[in-house]
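Asker: sequence and computational prediction follow.
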Amino acid sequence: MTNPIKHTRENTILLFDVDGTLTPARLDVEQEMRELLPELRKRVSIGFVGGSDLVKQKEQLGDNVLDQFDYGFAENGLDAYKGVESIERTSYIKWIGEEKHRKLIEWLLVRIAQLDVPIKRGTFVEFRNGMLNVSPIGRNCSQEEREWFAKYDEEKGIRKQLIADLKNEFKDYGLNYSIGGQISIDIFPVGWDKTYALRYVRDKFEHIHFFGDKTMEGGNDYEIFSSDETIGHTVTSYHDTIRLCKELFMKDE
């Protein structure tokens, strides 16, 4: 018989998506998860890999989020931390240049105005250090409106069609597009998906586990979930994440 893997902080890291994996979508982390993370960290190393910037990660996971994890990867790892220490910060605008960026923004603003979305709020395009985040309903929507749009989008395929249109219009830009969270899509250079974060841990850990909820093709967890470098786990909620972590890493030996 094959001996079971002995997971330790030195040989194993668990990487977690944030929305829908560590927390309810765009809501604060629940107490049950707060209690799990330090216990889990006694046995293995842990890190988060989110599409949002660090400010939003702090809003959901707490101002001391970098103290809670061994590694923190905001914006897919383009803003990377080991503990509280910044490792590297990579710029989307320097990569794409102002002219191409302007053309992309102008096209998006026109296209969003044309979308058949009955409710529209504000902040349709959010500029981040490592990507653009585009929301057909607008990031200023309420939690109730966010949940309404998630269901509407599931029926109408608004974000899938927007991605198809972007791929057709900007096929020579070297960009990738993925569905993120409940209300938006992420736009970033090819290769700047969540696998970007792996460059900081691949040589340090023998076993890299990833937990995420958007692991289907086109979801913003897909590339890292399906990478040959990771052991991928699909979850449906933070409750599911807690259950899996306890089953896999916290059983009494």
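Answerer: That came in fine, so what should we check first?

Asker: which phi and psi values does Phe48 adopt?
Answerer: Dihedral pair for Phe48: phi -110, psi 150, per degrees, to the nearest 10.

Asker: counting neighbours, what do you get for it?
Answerer: 26 (other CB atoms under 10 Å). C-beta coordinates here come from the backbone N, C-alpha and C atoms, glycine included.

Asker: ok, now which ones touch the residue lying closest to it once chain neighbours are set aside?
Answerer: With CB to CB, 6 or more residues apart in numbering as the criterion, Phe48 has its nearest non-adjacent residue at 5.2 Å, and that residue is Phe16. Counting by CB atoms under 8 Å, 6 or more residues apart in numbering, Phe16 touches 22, 46-49, 210-212, 241.

Asker: so how far is the host helix or strand of Pro38 from its chain's centroid?
Answerer: In this assignment (DSSP states H and E), Pro38 forms part of helix 31-41. Distance, stretch centre to chain centre, for helix 31-41: 20 Å (CA atoms, centre = their mean, to the nearest Å).

Asker: buried residues in that helix, which are they?
Answerer: Neighbour counts over helix 31-41 (16 or more other CB atoms under 10 Å) mark 33, 36-37, 40 as buried.

Asker: ok, so of those, who is nearest Phe149?
Answerer: The shortest gap between Phe149 and any of the buried residues of helix 31-41 belongs to Met33, at 24.9 Å (CB to CB).

Asker: give me the contact list for the helix holding Pro38.
Answerer: 9, 14, 22-23, 46, 68-70, 238-239, 241-242, 245-246, 249-250.

Asker: go with 10 Å
Answerer: 9, 14, 16, 21-24, 28-30, 46, 48, 61-62, 68-70, 238-239, 241-242, 245-246, 249-250 (CB atoms under 10 Å, 6 or more residues apart in numbering).

Asker: now do the spatially closest residue to Gly50 that is not a sequence neighbour against Thr241, distance only.
Answerer: Distance criterion CB to CB, 6+ apart; nearest residue to Gly50, sequence neighbours excluded, is Val18 at 3.9 Å. Per CB to CB, to the nearest Å, Val18 is found 11 Å from Thr241.
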